[in-house]
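Participant: could you look at this predicted model? Sequence included:
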Amino acid sequence: MKVVDLSHPFAAGMPVFPGALEVSVEVLSDVARHGYHVKKLVFNSHTGTHVDAPFHMLADGSSLDQLSADRFFGKARVIPLQLPAGARIEVADLLPYRELLPKLDFVIFYTGWQDLWGTSDYVQGFPCLSVEAVDWLAAFSLKGIGLDTISVDPMDAVHYSIHYALFGRNMVIVENLTNLDVLGSEVFYFSAMPLNIVEGDGCPVRAVAIFADPAHNPAQIGF
C-alpha cells in the first residue's frame, strides 16, 4: 500500500480557529528523570486536522460515539477547484464528477488553501460550498466531505448554513486537510478516525489517503 499523510502536525503554538483555545503541551514526565515520557495536552475538539460530527451543531445530531468506525473510512477522490477568494463551490463545479460520485463515500475538495496554513490569510476568504451544492451532493449518499480550509462556512457566517445542511444529512466534515495536491485524480481509500468520545462533537484526526497499489506514485495536482 501507499499511504499519504493528509494531516497538519499537532504541536503547541499551532494555528487554531480565531479566538479558540490555544494548544498547550506540558511535559509531565520524561525519560531522563522518570524513565518514560508522558505529556499533558490541552486543546479544543476542533483543533488542527479534525472531524466535525453532526452533534457539533445539532442537539439531536449523531455524536462521535454514535457513529460507527466505518463512517470515517471509505473511497474518496480529490476535486481540485481553482476559485477566487470568497467564492462559493457551486453545482456547476461538481457536474464534471457526476458519474464518479455514486462510487464514492467522501469528496475531498482541494482549493490550494492548504498552502496558506499558519498565515493570517488562511482564515479569510477561503472558498465554501453553496447550500445548492450541498443539496446536490446529498443525492449521492456520501458519508462526508473533506477540505483544505478551516471551515465549510465563511468566517463571517452567522447561521452556519453549510454546516447545518451537511449535518442535517448525518454527514461528517473533515477540515484543515493538507497534502491534497499530491493525490492525483485516482480514487483512494480515505481514513479520518477520531477518538470514540462519548457525546463527542469533534476530534483531531490523523487523516490519510491509502492507495491499494504499492507502486502508486501520486501525481502533483496543479492549477
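Facilitator: The structure has been received and is ready for your questions.
Participant: where does D121 sit: helix, strand or coil?
Facilitator: helix (DSSP: H, G, I helix; E, B strand; the rest coil).
Participant: and it, how far from V208?
Facilitator: Applying C-beta to C-beta, to the nearest Å, the value for D121 to V208 is 27 Å. For glycine as for every other residue, the C-beta is placed from the backbone atoms N, C-alpha and C.
Participant: do L129 as well
Facilitator: 23 Å.
Participant: of the two, who's got more company?
Facilitator: Taking other C-beta atoms under 10 Å, L129 and V208 do not tie; L129 has more neighbours (25 against 18).
Participant: spatially nearest residue to that one, not counting backbone neighbours?
Facilitator: Distances taken as C-beta to C-beta, 6 or more residues apart in numbering place I89 nearest to L129, at 4.7 Å, with adjacent residues excluded.
Participant: that neighbour contacts V107, correct?
Facilitator: No - checked against C-beta atoms under 8 Å, the pair I89 and V107 is beyond contact range at 10.1 Å.
Participant: tell me the confidence at the spatially most central residue of the chain?
Facilitator: In the chain, the residue lying closest to the centroid (C-alpha atoms, centre = their mean) is V174, at 2.1 Å. On pLDDT, V174 comes in at 98.
Participant: excluding chain neighbours, what is closest to it?
Facilitator: Of all residues not flanking V174 in the chain, G146 sits nearest, at 3.8 Å (C-beta to C-beta, 6+ apart).
Participant: direction included, what does the strand ranked longest in the chain pair up with?
Facilitator: Taking DSSP state E as the criterion, the chain has its longest strand at strand 73-80. Here strand 73-80 is paired, per DSSP bridges, with strand 106-110 (parallel), strand 188-191 (antiparallel).
Participant: many thanks, have a good one.
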